[in-house]
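Visitor: A predicted structure for the sequence below; I have some questions about it.
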Amino acid sequence: MGVIFSKQGLNDASSEYIQPVTKDGGKERVIISVGGGKGGVGKTLIAANLGIMLAREGRRVILIDLDLGGANLHTCLGVDLPKSTLSDFMQKDVTNLSDILIETPINNLRLISGAQDILDIANIKYMQKVRFINKLKELDADYIILDLGAGTSFNTLDFFLASDIGIVTIVPEPTSIENVYRFIKSAFYRKLKNAESSLKIKKMVDDIMKNRIANGISTPSDLLKKIEETEQDIGEAVRKEMASFSPKLIINMVRSQTDVEIGHAVSSVCRKYFGIETELLGYIEYDNLVWQSIRKKNPVILEFPNSKLISDFNRVYKRIINPNIRFIDGALER
Ligand SMILES: Nc1ncnc2c1ncn2[C@@H]1O[C@H](COP(=O)(O)OP(=O)(O)OP(=O)(O)O)[C@@H](O)[C@H]1O
Ligand SMILES: [Mg+2]
């Protein structure tokens with residue numbers, strides 16, 4: 001049985017290996033995923049504009065639409081219905097992901113589309129997923145951005161965990177916040193599950209979870225504490241492994257200062273109840289320019305480069321490419 005490597009930790013046991021995604025010279029490609037659990041919160045908007053910003057700075061970027069069934073990244077980029085899609089790769093009609101790369105109107109930015117795919121993300125088989133993640137490393141790019149689509153299927157969570165930077169998109173609505181907690185909690189448990197075989201904790205976790213109520217486990221934080229109580233060394237190893245799980249939050253469609261503060265509230269709930277450190281990347285205001293640009297099939301950053309919306313994007317973008325810049329005050333800038 002082999003151990004599959006993923007960027008945010010060790011993955012399921014399997015007969016095939018996923019190697020770390022590094023270039024031949026040893027320089028790493030950065031994989032960024034944009035998820036969030038809920039539909040319609042701006043994942044595609046963020047993935048597309050982030051990709052364009054990186055490409056305009058001379059980085060070679062590949063955007064991958066993993067929102068199979070609801071793929072629309074191509075439209076956001078002004079690309080007509082692509083002839084080749086992920087289906088061709090998943091069904092082995094082509095060998096490499098590079099065979100289904102599509103040029104976009106933007107220099108340095110290419111796309112792998114899931115448009116009109118007959119597949120649904122939840123139905124991708126385990127080996128198809130392994131083959132996909134393995135082939136990511138053969139793509140020639142500086143940044144690979146995964147537009148994850150809604151939901152918390154194991155496949156979506158695995159793509160999120162396979163990335164170096166996992167972005168979670170939140171809109172200031174109770175339903176979105178609820179879904180975000182579910183997404184982060186599910187990803188945490190999925191990562192722990194993936195680490196069980198390497199850390200040899202499967203039996204221990206199963207035993208603890210069997211008596212979950214008696215053991216007082218209602219959050220990931222309770223589980224970590226109980227593992228530590230049961231065996232301190234193992235508890236420390238698990239905590240260390242899980243510390244690399246640090247989702248980055250973007251609050252989208254913000255209309256007020258209260259909306260901005262939701263980001264801080266979500267962050268502190270994740271720390272207090274889940275024991276998960278998140279990082280707030282910032283916020284993006286609600287702006288009608290978004291639908292105006294979508295109607296024109298032109299990315300908002302190209303259609304309205306001098307808008308307030310794009311300065312929001314710029315601030316978030318700077319924090320992504322330079323993690324030393326932190327979102328601290330959180331005041332809504334007008
Ligand atoms: N900051 C914003 N201001 C105004 N409208 C926005 C903003 N962000 C997203 N939208 C609008 O919200 C809708 C959903 O955006 P988008 O398609 O990016 O979300 P999504 O999370 O990818 O959705 P899905 O889960 O369906 O893939 C779009 O119609 C878009 O125009
Ligand atoms: Mg989308």
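Guide: Arrived safely. Ligands and ions are numbered 1, 2, ... in the order given.
Visitor: which one is T175 nearest to, not counting chain neighbours?
Guide: In space, and not counting its chain neighbours, T175 is closest to K38: 6.6 Å by C-beta to C-beta, 6 or more residues apart in numbering. (Glycine included, C-beta is placed from N, CA and C.)
Visitor: What separation is there between whatever residue of the chain ends up closest to ligand 2 and I165?
Guide: Ligand 2 sits closest to T44 of the chain, with a gap of 3.3 Å, by C-beta to the ion. Computed as C-beta to C-beta, to the nearest Å, the T44 to I165 distance reads 17 Å.
Visitor: ok, the two, which is more surrounded?
Guide: T44 (25 against 21; other C-beta atoms under 10 Å).
Visitor: my read: that one touches L73, true?
Guide: Yes - contact status for T44 versus L73: in contact at 5.6 Å, counting by C-beta atoms under 8 Å.
Visitor: Now do the shared contacts for those two.
Guide: Common neighbours of T44 and L73 (criterion: C-beta atoms under 8 Å, 6 or more residues apart in numbering): 65, 67, 147.
Visitor: For the first one, what are phi and psi?
Guide: So the one you mean is D65. Main-chain dihedrals, D65, degrees, to the nearest 10: phi -90, psi 100.
Visitor: what about it, neighbour count?
Guide: Neighbours around D65, by other C-beta under 10 Å: 29.
Visitor: Give me the pLDDT for it.
Guide: On the pLDDT scale, D65 is placed at 94.
Visitor: Then P105?
Guide: Looking at P105, its pLDDT stands at 92.
Visitor: about what we covered before: need the contact partners of the helix or strand containing the residue of the chain closest to ligand 2.
Guide: Assessed by DSSP states H and E, T44 sits inside helix 43-56. Here helix 43-56 makes contact (C-beta under 8 Å, 6+ apart) with 32, 34-36, 61, 63, 65, 67, 72-73, 76-77, 106-109, 142-143, 145-150, 167, 169, 250, 252, 284, 290, 299-302, 313-314, 317, 320-321.
Visitor: If we use 6 Å, what do you get?
Guide: Outside of helix 43-56, the residues within contact range by C-beta atoms under 6 Å, 6 or more residues apart in numbering are 34, 36, 61, 63, 73, 76-77, 106, 108-109, 143, 145, 147, 169, 299, 301, 313, 317.
Visitor: can I get the CA coordinates of that helix in PDB?
Guide: In PDB, the C-alpha atoms belonging to helix 43-56 read as follows (Å, rounded to 0.1, in the frame of the first residue of the first chain):
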ATOM      1  CA  LYS A  43     -15.900  31.300  -6.300                       C
ATOM      2  CA  THR A  44     -15.700  31.500 -10.100                       C
ATOM      3  CA  LEU A  45     -15.500  35.300 -10.100                       C
ATOM      4  CA  ILE A  46     -12.600  35.100  -7.600                       C
ATOM      5  CA  ALA A  47     -10.800  32.200  -9.400                       C
ATOM      6  CA  ALA A  48     -11.000  34.000 -12.800                       C
ATOM      7  CA  ASN A  49      -9.900  37.400 -11.600                       C
ATOM      8  CA  LEU A  50      -7.100  36.000  -9.500                       C
ATOM      9  CA  GLY A  51      -5.900  34.000 -12.500                       C
ATOM     10  CA  ILE A  52      -5.900  37.100 -14.700                       C
ATOM     11  CA  MET A  53      -4.100  39.200 -12.100                       C
ATOM     12  CA  LEU A  54      -1.300  36.600 -11.800                       C
ATOM     13  CA  ALA A  55      -1.100  36.200 -15.600                       C
ATOM     14  CA  ARG A  56      -0.800  40.000 -16.100                       C
END
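Visitor: Kind regards, and thank you for your time.
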